[in-house]
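>>> I need the structure of the sequence given here:
(one chain, ligands or ions: 1)
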Amino acid sequence: MTLLQIRDLYAGYGDFEALHGVDLQMARGSVTALVGANGAGKTTLLRAITGLVPTKDQNIWFDGAPVGGWPAHRIARAGVAMAPEGRRLFPSLTVAENLDLGLATGRRGPWTLDRVNALFPILAEKAAMPATRLSGGQQQMVAIGRALMGNPKLLLLDEVSLGLAPTVVADIYAALPSIVSEGATVLLVEQDVGLALRNADRVAVMRDGRVVLEDVADPSRRDAVAQAYFPAAEEAA
Ligand code: ATP
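The predicted model follows:
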């Protein structure tokens, strides 16, 4: 039932510790939104899960294996993929070539180039174009498509809505149910709490390098989430 279990995770950059004992659990097939103020540690947590930020101990269990300390390529092969903040597409490669990079995990499954193009049809139309000539929303679709090409069990999405128009954001979030129905579990970082609560099953609030609230993602819980998110609001209450 549990796909990801994180217990008392500490991680950071050199001597700087950004995560101070994170606990988080995710059930298979669930969508969890990770919210929190700038600098709370959301991106660092995603990077620790993917092995890009070293972790001190074996505090991350993924699909039954203690993956804390594994190199990033091994974690990717085990089934963790990320669409990173800022998308990180290769400007010299076409849309199709950027998508193909996702195949490096060697994992087979429902996600092929045809299936990704069916999910985001604009990518088939723009297949031969340099990826960075696309609009921001289309580039975000390439980043998500590239992650899906690796057929992950766990898909990490870092701020997919950042800087995009609401209609484009809606198009991207409309893809989530198909991604989950094909078997993926999703952990998404989202600055917009309303969007997070509408699109996820669970919400986790990070503050100062810890998860301070974990709950069902119900729009009626918005006040509780906002209170956990902003310590000042809690103190003023
Ligand atoms: P944001 O919404 O601004 O991306 P976040 O919740 O994702 O915020 P992180 O990016 O994980 O937060 O940052 C957590 C802490 O780690 C911050 O204090 C940040 O300054 C620091 N940090 C992030 N990246 C690095 C880095 N490469 N080197 C050193 N410190 C970093």
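>>> which bits of the protein sit near the ligand?
Within the chain, the residues that sit near the ligand (C-beta under 6 Å from any ligand atom) are Tyr13, Phe16, Ala18, Gly36, Asn38, Gly39, Ala40, Gly41, Lys42, Thr43, Thr44. C-betas here are computed from N, CA, C, even on glycine.
>>> low-scoring stretches of this protein, by residue?
The model of the chain has pLDDT under 70 over residues 56-57, 231-237.
>>> in this protein, which helix is the longest?
helix 136-149 (DSSP state H).
>>> report the buried residues of it.
Residues 137-149 are the ones in helix 136-149 that count as buried (16 or more other C-beta atoms under 10 Å).
>>> biggest separation within the residues you listed, which pair?
Gly137 and Met149 (18.9 Å; C-beta to C-beta).
>>> can you pull out the strands in this protein?
2-13, 16-27, 31-35, 60-62, 65-66, 80-83, 154-158, 185-189, 202-207, 210-216 (DSSP state E).
>>> let's have these in a markdown table, adding mean neighbour count.
Output for the strands of the chain, formatted as a markdown table (neighbours: other C-beta atoms under 10 Å):
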| stretch | mean neighbour count |
| --- | --- |
| strand 2-13 | 18 |
| strand 16-27 | 17 |
| strand 31-35 | 25 |
| strand 60-62 | 22 |
| strand 65-66 | 13 |
| strand 80-83 | 26 |
| strand 154-158 | 24 |
| strand 185-189 | 24 |
| strand 202-207 | 24 |
| strand 210-216 | 17 |
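>>> turn these into CSV, including distance to Leu123.
Shown next, in CSV, are these (distance: least, C-beta to C-beta, whole Å):
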stretch, distance to Leu123
strand 2-13, 27
strand 16-27, 28
strand 31-35, 22
strand 60-62, 28
strand 65-66, 32
strand 80-83, 14
strand 154-158, 17
strand 185-189, 19
strand 202-207, 29
strand 210-216, 33
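>>> for Pro54, which of those is the nearest?
Minimum separation from Pro54 across those (C-beta to C-beta) falls at strand 2-13, 6.9 Å.
>>> can you name every helix or strand that the closest one contacts?
Under the contact criterion of 3 or more C-beta pairs under 8 Å, 6 or more residues apart in numbering; DSSP states H and E, strand 2-13 touches strand 16-27, helix 42-50, strand 60-62, strand 185-189.
>>> alpha carbons only: can I get that strand in CSV?
The C-alpha trace of strand 2-13 is given here as CSV (Å, rounded to 0.1, in the frame of the first residue of the first chain):
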residue,chain,number,x,y,z
THR,A,2,2.8,2.5,0.9
LEU,A,3,5.0,3.5,-2.0
LEU,A,4,7.1,6.1,-0.2
GLN,A,5,8.1,6.4,3.4
ILE,A,6,10.3,9.2,4.7
ARG,A,7,11.3,9.2,8.3
ASP,A,8,13.3,11.8,10.2
LEU,A,9,15.1,12.9,7.1
TYR,A,10,17.9,15.4,7.4
ALA,A,11,19.6,16.8,4.3
GLY,A,12,21.2,20.0,2.9
TYR,A,13,23.9,21.5,0.9
